[in-house]
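Student: take this sequence and fold it.
(one chain, ligands or ions: 2)
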Amino acid sequence: MQITFHGAARTVTGSQHLVEVNGIKILLDCGLFQGSRNETFTRNKELPFDASEIDVMVLSHAHIDHCGNIPNLVKSGFRGDIVCTYATRDLCAIMLRDSAKIQEYDVEYLNRKRRKRGEEMLEPIYSQEDALESMKYFLGIAYERERKIAPGVWLTFYDAGHILGSAIVVLDIEDESGKKAKRLVFSGDVGRPNRPILRDPTIIDNTDILIIESTYGNRDHKHDAISDAELRDAINSTASRNGKLIVPAFAVGRTQELVYRIHRLIEAQEIPNHIPIYVDSPLAINATDVYRLHPEGYDEELFQFMLNVRGNDPFGFDRMTYTRSVEQSKSLNFIDGSAVIISASGMAESGRILHHLKNNIEDPRNTILIVGWTAYHTLGRRIADRHPEVKIFGEPYKLRAQVKTINGFSAHADRSELLDWISGFNKPPQQTYIVHGDEEVSLDFAETLRKRNLPDVHVPHLHQSFKA
Ligand SMILES: [Zn+2]
Ligand SMILES: [Zn+2]
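Tutor: Ligands and ions are numbered 1, 2, ... in the order given. Coordinates of the predicted model:
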C-alpha cells in the first residue's frame, strides 16, 4: 500500500490523501487549499493526480477544506462514487454551490486586474453548474455500516463529533501484495467530547496505520461550560443597555450551535424570553434545514431536549426568526430596542454581517460578539483586537460598540482531547501520519506522540509518499 499526502500537509487546509492498494486508487477527501487568491488559484485548479484514474473517493465531512474541490475532481474526469454520510451529502449540496459562487466572484476579481495588465482571462476553478453536476456521484451510507468500496477494501464511518455528518474513516484492507489484512484509520477532523448537538468522537480501539489531524495539536481550549455563561452574560448585559448583540458566525455548525444554546438558555430562564433573535444568512438557514433533517447525527441530550420542549424544534422557538429575503434583512436596521442578530460570514469578510456591523458598530449600547477564530487582516480580527477605527465597504467607522470574544466554541479537539482519543487504541498504531495543522503545530504534536511511545510518526511534506 502507498499513501501520498496531496494536501493539508504541514498546513491546515486542502485535505487530499491518496491511498493506492490492490491496483486501486482511493482518494480520502478532496478539499480546497485556502490562502491568498493568487496562491490558491493555480494550486486548486491543477489537481496533483489524474482524476480519471481515481476509482473511489471517501469524504470525511462537508467543510470546504475537505470537500471544496470535488466539483473540479468531477470536471477533471473522476467518475467513481463519492462515499460519505447522508448528512455530509446534504450539506455538500448547499456548500459546494456556495463555494462555486465564491470561485466565480474570486475569478472576476483576478480578471479585473489581469484585464488592466492585458493578460489572458481566467476561468473559475469550477462553476455552480459543475457543483451541481458533481452531486450525481455522491453515495450516502450510515454510520457504523460496513461497506465494500473496492476489491479487498471495506469502509466503515464512525461519528467524529466535529460537525453534523462528520466521520472518522476506517478502511479494513486485504493488501494483496503483503498477503495480509491491515487497518487504516483517517481521523478526519476530530470533534470534542461534551459538546451540544453532536455525539462525542467515537473511540476506535485498534489500527495499524493512523492519519490524524493536528489543528490544535499544541494547545488546550478553555472549558466548555464557560461558553454558556459568557453567552448568557453577553446577551443580558447588552439587553440591559437596550442594545443589539451582533454575532458574526460561520453559517454551518457555529450558527446552529448558537441557536440551540440560546434556546437552552431561554428554557432555563437564564435570559429574558422577550428579546428577538434573528439568523440573517441564507446559507445558515439552508444549513439549519439540513440539521433538522438528520436526527441520526444528534446526541442523547438533544434527543431529550426535543422530546421535552414545546414545538420539538431545537433550532426554532417563539422569538426566533430566520430572515431569508433582502427586504427582511434590511428591516432589521429599524428594530427598536434589544435584539440578537447572528449573521455570516464568521470572519466578517463578506455577507450580510457587514451591513449589521456598519449600522451598529458606532453605538456603545451594542455588543459585537466574536465566537470563532478570525484570520489576520480580516474585519473580524480587527474588531476582536479592538482597533479604534475599522473600514467597512471602504468607509471608516469608529468602533464604539462593546466587543466580547468567546473562545470555547471550537469544533476541533484540543491537544489533550486528541491525546485522549489516541489513547483509545489498545496498542499504538505501527505508523502515524500527522496532517491538518500549521507546520510547527504538527511537528510539536509529532514530538508529543513520540514521547508517548508511538513507534513511527511522520509529518508528511506536500506530495510525499510512504509505503505502508
Ligand atoms: Zn472540519
Ligand atoms: Zn478541516
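Student: what's the weakest-modelled helix or strand in this protein?
Tutor: None of the helices or strands of the chain scores lower by mean pLDDT, DSSP states H and E than helix 37-45, at a mean of 85.
Student: helices or strands next to that helix in the packing?
Tutor: Counting contacts by 3 or more CB pairs under 8 Å, 6 or more residues apart in numbering; DSSP states H and E, helix 37-45 packs against helix 86-116. Yep, even glycine has a C-beta here, placed from its N, CA and C like the rest.
Student: and stretch 204-216, end to end?
Tutor: One end of stretch 204-216 to the other measures 20 Å (CA to CA, to the nearest Å).
Student: could I get the average pLDDT for that stretch?
Tutor: Over the span of stretch 204-216, the pLDDT mean works out to 97.
Student: does ligand 2 have contacts with that stretch?
Tutor: No - in terms of CB under 5 Å from the ion, no part of stretch 204-216 sits within range of ligand 2; the closest distance is 6.8 Å.
Student: any bit of that stretch sitting next to ligand 1?
Tutor: No - using CB under 5 Å from the ion, stretch 204-216 never reaches ligand 1; the gap is at least 8.4 Å.
Student: the least confident helix or strand of the chain: which residues count as buried?
Tutor: By 16 or more other CB atoms under 10 Å, the buried positions in helix 37-45 come out as 40-41, 43-45.
Student: how about stretch 267-281?
Tutor: 270-271, 275-281.
Student: ok so, going back, hmm, who's touching the least confident helix or strand of the chain?
Tutor: Outside helix 37-45, the residues within contact range by CB atoms under 8 Å, 6 or more residues apart in numbering are 14, 32-34, 69, 72, 106-107, 109-110, 122, 125.
Student: kindly report the same for stretch 454-468.
Tutor: With CB under 8 Å, 6+ apart as the test, stretch 454-468 has contacts from 1-7, 9-11, 48, 182, 184, 208-209, 422, 428-435, 439, 442-443, 446, 449-450.
Student: show the backbone phi and psi for residue 7.
Tutor: With angles defined as degrees, to the nearest 10, residue 7 sits at phi -180, psi 170.
Student: residue 382 and ligand 1: what is the separation?
Tutor: According to CB to the ion, to the nearest Å, residue 382 and ligand 1 sit 25 Å apart.
Student: make sure that residue is indeed in a helix.
Tutor: Yes - counting by DSSP: H, G, I helix; E, B strand; the rest coil, residue 382 falls inside a helix.
Student: which residues does it contact?
Tutor: Counting by CB under 8 Å, 6+ apart, residue 382 has contacts residue 390.
Student: tell me the predicted confidence for it.
Tutor: Listed pLDDT for residue 382 reads 95.
Student: do the same with the one 4 residues further on
Tutor: According to the model's per-residue confidence, residue 386 sits at a pLDDT of 97.
Student: how about residue 224?
Tutor: Predicted confidence (pLDDT) for residue 224: 58.
Student: show the contacting residues for the closest residue in space to residue 203 that isn't next to it in sequence.
Tutor: Among residues not flanking residue 203 along the chain, residue 424 sits closest, at 3.6 Å (CB to CB, 6 or more residues apart in numbering). The contact partners of residue 424, by CB under 8 Å, 6+ apart, come to 203-205.
Student: most neighbours among those, which one?
Tutor: Note: the member of the contacts of residue 424 with the most neighbours is residue 204, at 19 neighbours, neighbours being other CB atoms under 10 Å.
Student: before we move on, the earlier item: give me the subset of the contacts of stretch 454-468 lying in strands.
Tutor: Among these, the members found in strands (DSSP state E) are 2-5, 182, 184, 209, 431-435.
Student: tell me, how many residues neighbour the residue in the stretch 1-150 of the chain positioned nearest to ligand 1?
Tutor: Taking CB to the ion, ligand 1 has its nearest neighbour within the stretch 1-150 of the chain at residue 63, 3.5 Å off. By other CB under 10 Å, 25 other residues sit near residue 63.
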